[in-house]
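Novice: this one's structure only:
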DNA sequence: GCAAAAGTGTTCACCGTACACCCATGC
DNA sequence: GCATGGGTGTACGGTGAACACTTTTGC
């Protein structure tokens, strides 16, 4: 290994450029969770932090591509088809004790159960945490998480992103509980259901829940095609 | 001058890091305008582009500080007290023909008349353009402008940012015209006024418009204190 | 048969919308 | 006095909010 040969030189100093990911998932107990990794590098060693890494100019064609690569490498999540959006960019001389660092933050919404195995088998250093009981985090990651949660809370009301957290086929009860969890408020089931039905962006399946000790609920799917059509015509999703 | 001595070396290649600013202003004729500069550097020389520049690690403590410095240097605008928010970060290997470049974009809303002089006296290479008649722009700046306009259109409805574009004291008519311009739709004056009055976030002054050839309108001020209070109590601004 | 969640309809209050007439000023 | 935008109230319809009882299943 050529250890510390520094081959890439510039006329002016350059900020380090990283991407970090907020990975949110909804657990079976309806708690919203965040995926964290435990740091093994010496800076903040042992502390929990967001999965992230430096942008690699030779591998990454874009910031988003870097985020997807990092996500896969650090958590085992293949982000193909996963909802991933840019949140914000943090950059200052002090947020990383080593040097001036810029981090572009992305957030992902995934169906936690699909990815549960990979994350937990990977190592003890990747773990899901309930969002209102997070450990102390490295760098300014606590602030970043807070911003991410606020973004989701705001966005979920007027864009149909909640489905990303659920399995493809879900019950309206699950959807309601999801909204109640994220928004942290109770919703009236009858009004909620009526509102959703009126939107006409769900496919009502002829399948039902199984193995529940109560009346099984009908399963639904989000109809992305229809939503896109309606949006073009001026329809606005809103809960 | 030490021309091209390249003193700053790193183990891995680093992206160039720039900040660019979308500066929006409302002109007296109620058109929404954007401030552009004409490039003098050889890349895209002569083309119009967003004011921007590279982050200077020795001068800039943060990305936002960099944006404010650049704004002042390129357009003469002292951004103290100016509304400035991060829009998005663009980064890829291809958006700048020279090299892998990351640009953190900020957008500012200013009262155009206050800054008109500086921008126009500065040089022929800084100019206001009506947003729906922009010249062809350098780099991916057209895409960036589009995103910025969309952001404003969305944000203006549910956050009181419109006032940033008006003088401190304004008439409700000016405010209405502003909204009509940004949202590109007609609003009913009576309903609009009633809605605003009900919000109770305006100070009704005992001053009036002067020099108009019709009944002079009352002047108002946005009451930021009151807005903050109300927001804490769960009030949501909405037009 | 009991617990637990699913499913469904009606009433009421409030808010957004549509709409028309008089007022103060400059020229 | 006329043109121009400023200022105000009312009636209607639609939408969100509140609310209770019956249904299906597992145990």
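Specialist: Received it, and whenever you're ready, just let me know what you need. For clarity, every value in this text was computed on a predicted model and none was experimentally measured. Numbers count the residues shown, from 1 in each chain, chains lettered A, B, ... in the order given.

Novice: What parts of chain A come near DNA strand C?
Specialist: A:171-173, A:189-191, A:193-194, A:213-218 (Cβ under 7 Å from any atom of the strand). In this view, the C-beta of every residue, glycine as well, is placed from N, C-alpha and C.

Novice: ok now do residue A:226, which residues does it touch?
Specialist: A:200-201 (Cβ atoms under 8 Å, 6 or more residues apart in numbering or on different chains).

Novice: just the one 5 residues further on next, same as before
Specialist: Counting by Cβ under 8 Å, 6+ apart, residue A:231 touches residue A:237.

Novice: what helix or strand is it on?
Specialist: For residue A:231, the host element (DSSP states H and E) is helix A:224-232.

Novice: now that helix: mean pLDDT?
Specialist: What helix A:224-232 shows for mean pLDDT is 93.

Novice: Also stretch A:194-202?
Specialist: pLDDT averaged over stretch A:194-202 gives 93.

Novice: same check, this time on stretch A:32-47
Specialist: Averaging pLDDT along stretch A:32-47 gives 94.

Novice: What of stretch A:66-85?
Specialist: 94.

Novice: List the buried residues of that stretch.
Specialist: Of all the residues in stretch A:66-85, those buried under the rule 16 or more other Cβ atoms under 10 Å in any protein chain shown are A:66-71, A:74-77, A:79, A:82, A:84.

Novice: Return the helix or strand in chain A with minimum mean pLDDT.
Specialist: Across the helices and strands of chain A, mean pLDDT, DSSP states H and E gives its lowest value to helix A:112-122, namely a mean of 70.

Novice: counting contacts, what elements does the following helix or strand past that helix pack onto?
Specialist: Under the assignment DSSP H and E, the closest C-terminal helix or strand after helix A:112-122 is strand A:126-130. For strand A:126-130, the elements it packs on are strand A:32-38, helix A:112-122, judged by 3 or more Cβ pairs under 8 Å, 6 or more residues apart in numbering or on different chains; DSSP states H and E.

Novice: which helices and strands sit right next to the helix or strand following strand A:126-130?
Specialist: Remark: after strand A:126-130, the chain's next helix or strand is helix A:141-158, criterion DSSP H and E. For helix A:141-158, the elements it packs on are strand A:16-26, strand A:83-92, strand A:101-110, helix A:172-183, judged by 3+ Cβ pairs under 8 Å, 6+ apart.

Novice: Run a quick neighbour tally on the closest residue to DNA strand C within chain A.
Specialist: Here the residue of chain A nearest DNA strand C is residue A:173; by Cβ to the nearest atom of the strand that distance is 2.4 Å. Residues lying near residue A:173 (other Cβ atoms under 10 Å in any protein chain shown) number 14.

Novice: Equivalent analysis for residue A:187, please.
Specialist: By the measure other Cβ under 10 Å, the count of residues near residue A:187 is 15.

Novice: Next one, pLDDT for it please.
Specialist: We have a pLDDT of 96 for residue A:187.

Novice: Enumerate the residues of chain A near DNA strand D.
Specialist: Applying Cβ under 7 Å from any atom of the strand, we find that chain A lies next to DNA strand D at A:188-191, A:195, A:211-216, A:238.

Novice: List the contacts of residue A:236.
Specialist: Each residue near residue A:236 by Cβ under 8 Å, 6+ apart is listed here: residue A:158.

Novice: 10 Å instead, please
Specialist: A:158-159, A:199, A:230 (Cβ atoms under 10 Å, 6 or more residues apart in numbering or on different chains).

Novice: which one of these sits closest to residue A:43?
Specialist: Nearest to residue A:43 among the contacts of residue A:236, counting by Cβ to Cβ, is residue A:159 at 36.2 Å.

Novice: Give me the number of neighbouring residues for that closest one.
Specialist: 14.

Novice: Spatially, which residue comes closest to it, not counting chain neighbours?
Specialist: residue A:237 (6.0 Å; Cβ to Cβ, 6 or more residues apart in numbering or on different chains).

Novice: so the one you found sits right up against residue A:227, yeah?
Specialist: Yes: Residue A:237 is within contact range of residue A:227, at 7.3 Å (criterion: Cβ atoms under 10 Å).

Novice: Looking at the two, which has the bigger crowd around it?
Specialist: More crowded of residue A:237 and residue A:227, by other Cβ under 10 Å: residue A:227, with 19 against 16.

Novice: For the closest residue to the more buried one other than its chain neighbours, give me its contacts.
Specialist: With Cβ to Cβ, 6+ apart as the criterion, residue A:227 has its nearest non-adjacent residue at 4.6 Å, and that residue is residue A:201. Listed by Cβ under 10 Å, 6+ apart, the contact set of residue A:201 reads A:160, A:163, A:220-231, A:235, A:237.
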